[in-house]
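Participant: give me coordinates for this.
(chains A and B)
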Protein chains: 2
Amino acid sequence: MAQFANLPGIGSRTAERLAYFVLKQPAEEALELARAIHQVKTKIRHCNRCYNLSETELCPICSDTRRDQTVICVVEQHKDLINLEETGVCNWGYHVLLGHLAPLEGTTPDDLTIDALIKRIQNDGIKEIVMATNPNMDGDGTSLYISSLISDLGVKITRLARGLPAGGSIEYANKNVLIDAITGRTEMR
Amino acid sequence: MAQFANLPGIGSRTAERLAYFVLKQPAEEALELARAIHQVKTKIRHCNRCYNLSETELCPICSDTRRDQTVICVVEQHKDLINLEETGVCNWGYHVLLGHLAPLEGTTPDDLTIDALIKRIQNDGIKEIVMATNPNMDGDGTSLYISSLISDLGVKITRLARGLPAGGSIEYANKNVLIDAITGRTEMR
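Facilitator: Residues are numbered from 1 along each chain as shown, chains lettered A, B, ... in the order given. Purely as a prediction, here's the structure:
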């Protein structure tokens, strides 16, 4: 019970219920959970190249030779990579920063994987860096900091488009969204 | 009571309360409301040029000589114009379509102010049309229809940027928003 209660969002009552459930569960099923937890902590590691979660030295994305590995999409966290991949339109490699700059919370450039990103740009023939940090203050700050660091490495630096979200409406869009949409307007083809 | 109950979102109980309120109100205040309603229906009309709501033949925006009237922002409804104006970054004129194309609901091009828009482009030296219809299926359809009509009038046609909404996050963005953001990515300066 005490171990379950340690998990986020699980109070003492739920912990009790879970513990009794495990008690009644067939041994094989309960041990499956134990094994899964064990594997997460022993087998899952960061990809040596892009810091994606991986079971191997290089993650499946970095080992995928059909991808255009000269384009690197820079994301804050693993979840963002997953979400971008689910669109099915990304054929590039990634670099996971493992966070964003937040000086007030004590996250400095040294806490992120920026050095590794710079080495990749210098050594791996990278042509384009796509900044895909979150469209908020922390994400923008992180993108600006990194792009200033790599601006003289001869690589093209882009960022995800900012504007009206598909399916939304102008009537309920807030001011900053509208300003992005107005200033970033594109020619129709 | 019957008259109040005709208004949207006002049931019989609220109508009763409002009616008694008016009954107790000083005559001057109650008549102010009557006057306002009367004025809306007698004084407010569509601007002759852009179909914005106006008390005069030309609305304040069309009469504003400090604006760049060679750029016209095309919106579906008056509320969208107000919302765009509130950003404070628009220095252009407008054209209110008074709706969007919705064949299934019976809204055809003749119901919109498209003819008037074409006349403005032909006669008023318009240089750019900014499509600012809603970023959904109806709005996109309307934009595409209009842009195909005016594509050979020698005017530049743009549309509001589509992508991640400012202040949002990649983790919770939906697939269509992400695809817009990826395909529309822009170079960082």
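Participant: can we go C-alpha only for contacts and neighbour counts from here?
Facilitator: Will do.
Participant: quick one: the longest helix that chain A contains to chain centroid distance?
Facilitator: Using DSSP state H, we find that the single longest helix of chain A is helix A:27-42. Chain-centre distance of helix A:27-42: 26 Å, with Cα atoms, centre = their mean, to the nearest Å.
Participant: and if you look at stretch A:89-105?
Facilitator: Chain-centre distance of stretch A:89-105: 5 Å, with Cα atoms, centre = their mean.
Participant: now do the contacts for A:Gly168.
Facilitator: Going by Cα atoms under 8 Å, 6 or more residues apart in numbering or on different chains, A:Gly168 touches B:134-136.
Participant: any idea of the pLDDT on it?
Facilitator: The model reports A:Gly168 with a pLDDT of 90.
Participant: A:Leu144 is in contact with A:Thr133, correct?
Facilitator: No - counting by Cα atoms under 8 Å, A:Thr133 does not reach A:Leu144; the two are 10.1 Å apart.
Participant: show me which of the two is the more surrounded one.
Facilitator: Just comparing A:Thr133 and A:Leu144: by other Cα atoms under 10 Å in any protein chain shown the higher neighbour count belongs to A:Thr133, 26 against 13.
Participant: separation between the more buried one and chain B?
Facilitator: Taking Cα to the nearest Cα, to the nearest Å as the measure, A:Thr133 falls 8 Å from chain B.
Participant: surely that residue is within a helix?
Facilitator: No - membership of A:Thr133 in a helix is not supported by DSSP: H, G, I helix; E, B strand; the rest coil, which gives coil.
Participant: contacting residues for it?
Facilitator: Residues in contact with A:Thr133 (Cα under 8 Å, 6+ apart) are A:74-76, A:139-140, A:142-143, B:170.
Participant: follow-up on the earlier one: between the contacts of A:Gly168, which is nearest B:Leu178?
Facilitator: B:Pro135 (13.8 Å; Cα to Cα).
Participant: which strand of chain A spans the most residues?
Facilitator: strand A:68-75 (DSSP state E).
Participant: touching chain B at all, that strand?
Facilitator: No - judged by Cα under 8 Å from any Cα of the partner chain, strand A:68-75 and chain B are separated, with a smallest distance of 9.0 Å.
Participant: circling back: now list the buried members of the contacts of A:Gly168.
Facilitator: By neighbour count, with 16 or more other Cα atoms under 10 Å in any protein chain shown, the contacts of A:Gly168 hold B:134-135 as buried.
Participant: now pLDDT too, for the contacts of A:Gly168, in a markdown table please.
Facilitator: Converted to a markdown table, the contacts of A:Gly168 look like this (pLDDT from 0 to 100):
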| residue | pLDDT |
| --- | --- |
| B:Asn134 | 95 |
| B:Pro135 | 94 |
| B:Asn136 | 93 |
